[in-house]
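Novice: coords please:
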Amino acid sequence: MSHNSHAALSILLLLIPLVFLQSCENNGVEGDAQTYTVGGTVSGLVGSGLVLQNNGADDLSISANGPFTFPAGLPDGAVYDVTVKTQPTDQLATVSNGSGTISGADITNVAAVCYTPQTISGSISENTTLSAGGYFLEGNAIIEDGVTLTIDPGAILMFKENAGLDVLGSLTAVGTSQNPIVFTGEQQVRGYWRGIQFHNSNSPLNRLEYVTVEYGGGYDYAYGEPANVALTSSGYPVRASITHCTLRKSGGYGFFLSDKAIVPDFSLNTVTTSTSGAGFVYEESAGNLDNTTTYVGNDKDVVFVQGGYGLVTDQTWPCIDVDYLIDDIVYANAQRLTIAAGARLVFMQDAGVNIYEYGELTAVGTSQNPIVFTGEQQVRGYWRGIQFHNSNSADNRLEYVTVEYGGGYDYAYGEPANVALTSSGYPVRASIAHSSIQHSQGYGICVSVHGIVNDDIQSSNTFGDNVFGDYYHEPPP
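Specialist: Residues are numbered from 1 along each chain as shown. Below you'll find the predicted structure:
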């Protein structure tokens, strides 16, 4: 064997252990990745039936007080979320320090505390305070007129099947970010209990703050829709502030606001995982909503708007993170309706917007945040369109707006159109610019002989797919 061959063989023999060692090291990293456990302590348990779960799975039955650990480990950086899957028999269990992110160590500080609750039922006929702890509610508890129920941070109210809480007097439930108040069902089933109903109660003490309401929405109120929180009315004002709340897992809507609802503060809420949608409002109560609340994650990501009743006061509909789904006609006879930039209004079949006489519509978007008026189905003529009738307001403005799939109604004083300026002999006015007018079963824009519009209405807008034509201005007789 030559000298060169001996040298090559020697180098090869030296490399083989290094390759083998590197292979073993790589296999060790991939096959034995470090995991960490999630656990804590259970206290106050006197019965059986408690089941905890982590991240919606990994069920763990607990039969005694003391430490617990979920069997499945989690890698570094994974999230954990410990919740009560099944309540213990005749007790309430709550979890604190239950969610977070694994950061290179086992989690040992989750606390599951069990309470033996007090039972509440029937009428609450004197001022009452519920301190931190657990409460069972049976049947339909009623806070009588003139009576205030105050609920302290850390209280948990668990409702039996078909139970509920009706507020005729006042309800003040103010928790904290670290110690919220919880209204929940005995079973974690959407629609298991009725929900909280404020009925004809105009009390300024009605306040929900840092409150979770879940698994309600199981009752169709005489004056409202099923919801976790409902402000209902038989013709009288009803009032409540709702802030920093979580409304979730309703068998109906997250919230219901009647046309008489007054909500001084509706902000920083999370409305999610409900069956019918985030909320049900009227054209008069949609202005109570706020764009700091999130409305997504429901089976139907909409806020349903019931039209047909007419505005009573000026309203501004904010831009929210879901569509307004509108049934019937939104009327303004002597009120201003303002639509915020970025809002989406989706109209059910034959619905529309009518601005009459002293009413006004101001819908001013931006190039980055246009406003959309569209049909629930993308079919020409699916909804009526926007009608200005005898309204001579300079505040009738559509800018950076898309109007589409309208033109489905033959107006008494005008032709079908996405946007119609109609008149029974009086001036009617609107400015329309930087907008897209498209997919109409009639005209894109139709203007009465008495109509007053901006000079550049045809050149400053984009038109397309309008059956009768893009623009028509009735000539003088």
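
Novice: and the helices in this protein?
Specialist: For the chain, the helices defined by DSSP state H occupy 3-31.

Novice: any low-confidence regions in it?
Specialist: By pLDDT under 70, the low-scoring segments of the chain are 1-32.

Novice: just the residues contacting the longest strand along it, thanks.
Specialist: The single longest strand within the chain, with elements called by DSSP state E, is strand 133-143. For strand 133-143, contacts defined as C-beta atoms under 8 Å, 6 or more residues apart in numbering pick out 91-92, 94, 115-124, 149, 154-160, 163-171, 186, 193-194. Backbone N, C-alpha and C define where each C-beta goes, glycine included.

Novice: mark which of those are buried, thanks.
Specialist: Neighbour-count burial (16 or more other C-beta atoms under 10 Å) is assigned, among the contacts of strand 133-143, to 91-92, 94, 115, 117, 120, 124, 149, 154-160, 163-171, 186, 193-194.

Novice: need the residue closest to the centroid of this structure.
Specialist: Note on the chain: the residue nearest the mean C-alpha position is Tyr295, at 2.3 Å, using C-alpha atoms, centre = their mean.

Novice: isn't it up against Asp321?
Specialist: Yes. In this structure, Tyr295 is within contact of Asp321 by C-beta atoms under 8 Å, at 5.6 Å.

Novice: now do the contacts for the residue nearest to Arg194 when sequence neighbours are not counted.
Specialist: Spatial nearest neighbour of Arg194, chain neighbours left out: Gly164 (2.8 Å); criterion: C-beta to C-beta, 6 or more residues apart in numbering. Listed by C-beta under 8 Å, 6+ apart, the contact partners of Gly164 are 137, 140-141, 193-197, 216, 219.

Novice: sheet partners, orientation included, of the longest strand of the chain?
Specialist: strand 118-124 (parallel), strand 155-159 (parallel), strand 164-167 (parallel) (DSSP bridges).

Novice: so how far is the shortest one off the chain centroid?
Specialist: Put simply, strand 164-167 sits 22 Å off its chain's centre (C-alpha atoms, centre = their mean, to the nearest Å).

Novice: oh, and call the first residue 53 from now on, that's how I've got it
Specialist: OK, 53 is where the count begins now, so the last one is strand 216-219.

Novice: re the thing from before, type out the PyMOL command that picks the buried ones from the contacts of Gly216.
Specialist: A single PyMOL command selects the buried members of the contacts of Gly216 (16+ other C-beta under 10 Å):
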select buried, resi 189+192+193+245+246+247+248+249+268+271
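
Novice: which one of the contacts of Gly216 is nearest Gly477?
Specialist: Gln249 (47.9 Å; C-beta to C-beta).

Novice: so that closest one touches Ala282, yeah?
Specialist: Yes. Contact criterion C-beta under 8 Å: Gln249 and Ala282 qualify, at 4.8 Å.

Novice: joint contacts of the two?
Specialist: Common contacts of Gln249 and Ala282 (C-beta under 8 Å, 6+ apart): 273, 276.

Novice: could you measure from Leu341 over to Ala225?
Specialist: Distance from Leu341 to Ala225, counting by C-beta to C-beta, to the nearest Å: 21 Å.

Novice: I meant to write Cys166 there.
Specialist: 22 Å.

Novice: now Ile484
Specialist: Using C-beta to C-beta, we find Ile484 at a distance of 47 Å from Ala225.

Novice: one step back: redo the contacts of Gly216 as TSV? Include distance to Asn506.
Specialist: Putting these into TSV (distance: C-beta to C-beta, whole Å) gives the following:
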residue	distance to Asn506
Leu189	59
Asn192	57
Ala193	58
Trp245	55
Arg246	52
Gly247	48
Ile248	49
Gln249	48
Gly268	50
Tyr271	51
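
Novice: domain assignment for the chain?
Specialist: Per the record, the chain has its domains at 87-167, 169-358, 360-529, by automatic domain parsing.

Novice: list the residues that contact the nearest residue to Leu283 once chain neighbours are set aside.
Specialist: In space, and not counting its chain neighbours, Leu283 is closest to Ala313: 4.2 Å by C-beta to C-beta, 6+ apart. By C-beta under 8 Å, 6+ apart, the residues touching Ala313 are 283, 285, 290-291, 333-334, 337, 340.

Novice: bridged to Thr426, which residues?
Specialist: Beta-bridge partners of Thr426, as defined by DSSP bridges: Val398.

Novice: quick one: it and Leu397 touch, right?
Specialist: Yes. Applying C-beta under 8 Å, one finds Thr426 in contact with Leu397, separated by 7.4 Å.

Novice: more neighbours: the two, which one.
Specialist: Higher neighbour count among Thr426 and Leu397: Leu397, with 23 against 20, using other C-beta atoms under 10 Å.

Novice: the more buried one and Val424 touch, don't they?
Specialist: Yes. Counting by C-beta under 8 Å, Leu397 does reach Val424; the two are 6.8 Å apart.

Novice: count of residues packed around Val147?
Specialist: Residues near Val147, counting by other C-beta under 10 Å, number 17.

Novice: where's it relative to Thr344, distance?
Specialist: Going from Val147 to Thr344 by C-beta to C-beta gives 27 Å.

Novice: again, but for Ser319
Specialist: Distance, Ser319 to Thr344, by C-beta to C-beta: 5 Å.

Novice: now swap in Gly92 and tell me
Specialist: Going from Gly92 to Thr344 by C-beta to C-beta gives 33 Å.

Novice: these two: which has the busier surroundings?
Specialist: Shown here are Gly92 and Thr344; by other C-beta under 10 Å, Gly92 has more neighbours (21 against 12).

Novice: OK, contacts around the more buried one?
Specialist: The contact partners of Gly92, taken as C-beta under 8 Å, 6+ apart, are 119-120, 134, 149, 159-164.

Novice: let's see that with 6 Å instead.
Specialist: 161-163 (C-beta atoms under 6 Å, 6 or more residues apart in numbering).

Novice: save the residues you listed as JSON lines, and put in neighbour count and distance to Ala124 too.
Specialist: Listed next are the contacts of Gly92 as JSON lines, based on neighbours: other C-beta atoms under 10 Å; distance: C-beta to C-beta, whole Å:
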{"residue": "Asn161", "neighbour count": "12", "distance to Ala124": "18"}
{"residue": "Val162", "neighbour count": "23", "distance to Ala124": "14"}
{"residue": "Ala163", "neighbour count": "14", "distance to Ala124": "20"}
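
Novice: next, count neighbours for the nearest residue to Asp110 once chain neighbours are set aside.
Specialist: Spatial nearest neighbour of Asp110, excluding adjacent residues (C-beta to C-beta, 6+ apart): Ala124 at 4.7 Å. By other C-beta under 10 Å, 13 other residues sit near Ala124.

Novice: my guess is Asp311 meets Tyr334, correct?
Specialist: Yes. Asp311 lies in contact with Tyr334 (C-beta atoms under 6 Å); the separation is 3.8 Å.
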